[in-house]
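Novice: Provided below for reference: sequence and predicted model.
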Amino acid sequence: MSSIKTVGVAGAGTMGAGIAIVAARAGFRTILYDTRQDTLDRARRQTEGFFAKSVQRGKLTAQAVETIMANLTGTTEMAAMAECDVVIEAVFEDLKVKHGLFSDLDAICPPHTIFASNTSTLSITEIAGGSGRPERVVGMHFCLPAQLMKLIEMSPGLTTAPEVFDTAWKFAEAMGQRPVKTKDNPGFILNYFLVPFNNDAIRMVEAGVAEPADIDRAIKAGLGYPMGPLELLDLIGLDTQLLLCEALHGVTNDPRAACPPLVKRMIAANHLGRKSGRGFYNYDKDAMFGG
Amino acid sequence: MPYQLIDTGSSRSFPAAHPLLDGASASGEVVVLIGADADSALTGVSDRASRAAILVELGTESLGTHTGESRGAEGSNVLGFARFRLGDGAPSDLVELVRQPATPDSAIAAARAVLEGAGLKVAVCGDFAGRIIDRLVRPYYNAALRRLDEQLATADDLDLTLKLGLGYPEGPIGLLERTGLAHHYDVTSALFETLGTPDYAPARRAVVAKRRAEKGLT
C-alpha cells in the first residue's frame, strides 16, 4: 500500500484504540488522536495489555511489539494529523460531531488525505457533505473488538471518487482485514440486520413468548449462534441499543428498528446489561431472570 | 422416567433413529405422540387425566388446535413440542416445548425430564405462532432476501459479513438455499396468515422458489 504510510485514528475509545492496533500491527505509522489525555492513557494501557497477551500466546515476539509500539503515538494535538495519508474517525455517533471533526481536519490535512468514518449507522454521503472534501470520504466500519475481528464494511458515498474507494479498499487489505462492499444504507449490513433482530427478541420477552434464557438457548442450540440475542444485548448494553435504534429508525422508519418500550424501562431501572451488573440476566449473583 | 411412544408415522421431528424413540416403554407416566396423525391419536390415549404429561408433536399449528382454548386460562397436562429443523436440513438437538398459561409446572418438568433424558435441549415457550426460532428468524431471513434484491451487497458478501461480524455458522442466503427457499415460503405464509405483519410476508425469492417447486422445477 504505497500511497498510505501514516494512519490517523481520531477518537481513542474502545473502537479507536482497536483500529489503531490494527493499523500499527500491520506496519503503518499510526497516530491516535483524542481531545482527552486520560482517554489516550487508558488506550495506551489497553494496547500494551493486548500486545502482552499476543506475546504470551506466541502470536507476536516481544521485539515485534516493541517495533509496533514505537510506531504508535498518541496525541491531543490535532495538528499532528497533518502527516496522515488517511484518517479514520471513531468518535461519537453524531453527525454534527463528525462534521466538526472532519471540517477541522480538512483545514489541517493535505489534499490527498482520505477521510474514513467508522460509523455504524450514519450515512457516509451525509458525513462527506460536511467534510470539506466529499469526494475523499469513505465508510470503513470495523467490528468490535476491532483488533480481533477481520471484517470491515466498506461503503462509498454518493460523492466518493472511485479511486479513493479503491485506495481505501487496498489499505484495508494491507491491514490484514477482510473488506466487504456495501451500499451507503443505514446500518450497512451488520446493524441493518442485527438491530431489528435484537428488537424482535426483546419484543418476544415483552409479549411473554418465552423467558430470555429459553430464547437464547433456542437460538444457540437450534441455529448454532455463538450467543443468544439477549445475552448479546446485555453485552452491547441496552443504552447502546437505544442509540442504535434511534439512529436506524430515524432514517428508515422501519417498525422493527423502533426501540421496544421494555428497553426504555430497563434503562430507567439501570438494567443496562453487563456494564451495570443487570440486564436480561443478573450478573451479580450469576442468576438469570426475565427483563 | 418411563414414557410411552405412539408413532403415527412421518414424524418431522424424528425422521430417523433417535434415543427418544429407542428409550420408550410399553407404558409410562408420560406419553409422547409423534407423526402426522398425532392429533387424532391424542383422543385415543388411555387414562389421559392421570398422566404426568402428554406431548403432542406440532407442525406450524398452535397447541390450542389440539386442546381447545378458553379465555386465556387454558392449560392441562397436554403440551406441544417440535424438534427444530430448518426446511430440508437435519433436525437439531433443540426441542421447543409449548406450554399454555395454566399448564402445571409438574407437567413441564415431566416433559423436560423425558426429552433431556434422550439428549435433547429444551426451550420452553408459550403457545405463540412460530414458537421461538421461526418467530424470530423469519423476518430476518425475509429482510436478507429483500436486501439481496436491492443489491445491498452480493449474496456471498451478505453471508460473509454476518458470519465474520456475528459468528453465525452460516449466512442467511446460503442457509436458505441449503434448506429450501420453498420451505421458507411455507413457514412464512403460515406466520403471515396468523400474525398479519408484513415482516412475515414471504419475500419475492421465496415466492418464486415455491412457484417453481409447484411446477416441479428446481
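Specialist: Yep, that arrived.

Novice: what about the strands in the stretch 51-200 of chain A?
Specialist: Per DSSP state E, counting those that start in this stretch, the stretch 51-200 of chain A carries strands over the ranges A:72-75, A:86-89, A:114-117, A:137-142, A:151-156, A:178-181.

Novice: what do you get for chain B?
Specialist: For chain B, the strands defined by DSSP state E cover B:3-7, B:30-34, B:53-57, B:78-83, B:94-98, B:121-125.

Novice: same question for the fifth one, mean pLDDT?
Specialist: In this model, strand B:94-98 carries a mean pLDDT of 98.

Novice: mind listing what that strand pairs with, with the direction of each?
Specialist: strand B:78-83 (antiparallel), strand B:121-125 (parallel) (DSSP bridges).

Novice: which outside residues touch the last one?
Specialist: When you say that, I think you mean strand B:121-125. A:209-211, A:214-215, A:217-218, A:221-222, B:93-99, B:108, B:111-112, B:115-116, B:131-132 (Cβ atoms under 8 Å, 6 or more residues apart in numbering or on different chains). C-beta here means a position set from N, CA and C on the backbone, and glycine is covered the same way.

Novice: what does chain B put close to chain A?
Specialist: B:84, B:92-94, B:96, B:121-126, B:128, B:131-133, B:135-137, B:139-140, B:143-144, B:147, B:151-153, B:157-158, B:160-162, B:164-170, B:172, B:199 (Cβ under 8 Å from any Cβ of the partner chain).

Novice: spatially nearest residue to the residue in chain B sticking out farthest from the centre, not counting backbone neighbours?
Specialist: Distance from the C-alpha centroid of chain B peaks at B:Gln151, with 31.3 Å (Cα atoms, centre = their mean). Computed as Cβ to Cβ, 6 or more residues apart in numbering or on different chains, the closest residue to B:Gln151 that is not its neighbour in sequence is A:Lys183, at 7.1 Å.

Novice: for the one you found, give me the pLDDT.
Specialist: On the pLDDT scale, A:Lys183 gets 92.

Novice: where in chain B is the helix or strand with the lowest mean pLDDT?
Specialist: Between all helices and strands in chain B, the lowest mean by mean pLDDT, DSSP states H and E belongs to helix B:38-42, at a mean of 87.

Novice: could you pull out the buried residues of that one?
Specialist: Applying a neighbour-count criterion of 16 or more other Cβ atoms under 10 Å in any protein chain shown, one finds B:Ala38, B:Asp39, B:Ala41, B:Leu42 buried in helix B:38-42.

Novice: does anything pack onto that helix? Which helices or strands?
Specialist: Packed against helix B:38-42, as judged by 3 or more Cβ pairs under 8 Å, 6 or more residues apart in numbering or on different chains; DSSP states H and E, are the following elements: strand B:53-57, helix B:64-67.

Novice: and the longest one, what does it pack against?
Specialist: Strand B:53-57 sits against strand B:30-34, helix B:38-42, strand B:78-83, helix B:105-117, with contacts defined as 3+ Cβ pairs under 8 Å, 6+ apart.

Novice: any idea which of these scores lowest on pLDDT?
Specialist: Among those, helix B:38-42 scores lowest, at a mean of 87.

Novice: with only the CA atoms kept, save it in PDB.
Specialist: These are the backbone C-alpha positions of helix B:38-42, laid out as PDB (Å, rounded to 0.1, in the frame of the first residue of the first chain):
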ATOM      1  CA  ALA B  38     -50.500 -37.300  16.400                       C
ATOM      2  CA  ASP B  39     -53.600 -35.100  16.700                       C
ATOM      3  CA  SER B  40     -56.100 -37.800  16.200                       C
ATOM      4  CA  ALA B  41     -54.100 -40.200  18.400                       C
ATOM      5  CA  LEU B  42     -54.400 -37.800  21.300                       C
END
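
Novice: quick one: low-confidence ranges for chain A?
Specialist: A:1-2, A:285-291 (pLDDT under 70).

Novice: that one against chain B: which residues are in contact?
Specialist: So chain A meets chain B at A:143, A:149-151, A:153, A:178, A:180-183, A:185, A:189-190, A:192-194, A:196-197, A:200-201, A:204, A:207-211, A:214-215, A:217-219, A:221-227, A:229, A:256 (Cβ under 8 Å from any Cβ).

Novice: got a ChimeraX select line for the buried ones in these?
Specialist: Buried residues among the residues of chain A next to chain B (16+ other Cβ under 10 Å), as a ChimeraX selection:
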select /A:143,149,150,151,153,180,181,182,183,185,189,190,192,193,194,196,197,200,201,204,209,210,211,214,215,217,218,219,221,222,223,225,229,256
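
Novice: contacting residues for the residue of the stretch 1-150 of chain A found nearest chain B?
Specialist: Closest residue of the stretch 1-150 of chain A to chain B, Cβ to the nearest Cβ: A:Cys143 (5.0 Å). Counting by Cβ under 8 Å, 6+ apart, A:Cys143 touches A:Met149, A:Leu151, A:Ile152, A:Leu190, B:Leu164, B:Gly165.

Novice: of all the residues you listed, which comes closest to A:Ala116?
Specialist: Checking these against A:Ala116 with Cβ to Cβ, the nearest one is A:Ile152 at 9.5 Å.

Novice: coming back round to it: identify, from the contacts of A:Cys143, the entry nearest to B:Met1.
Specialist: B:Gly165 (43.0 Å).
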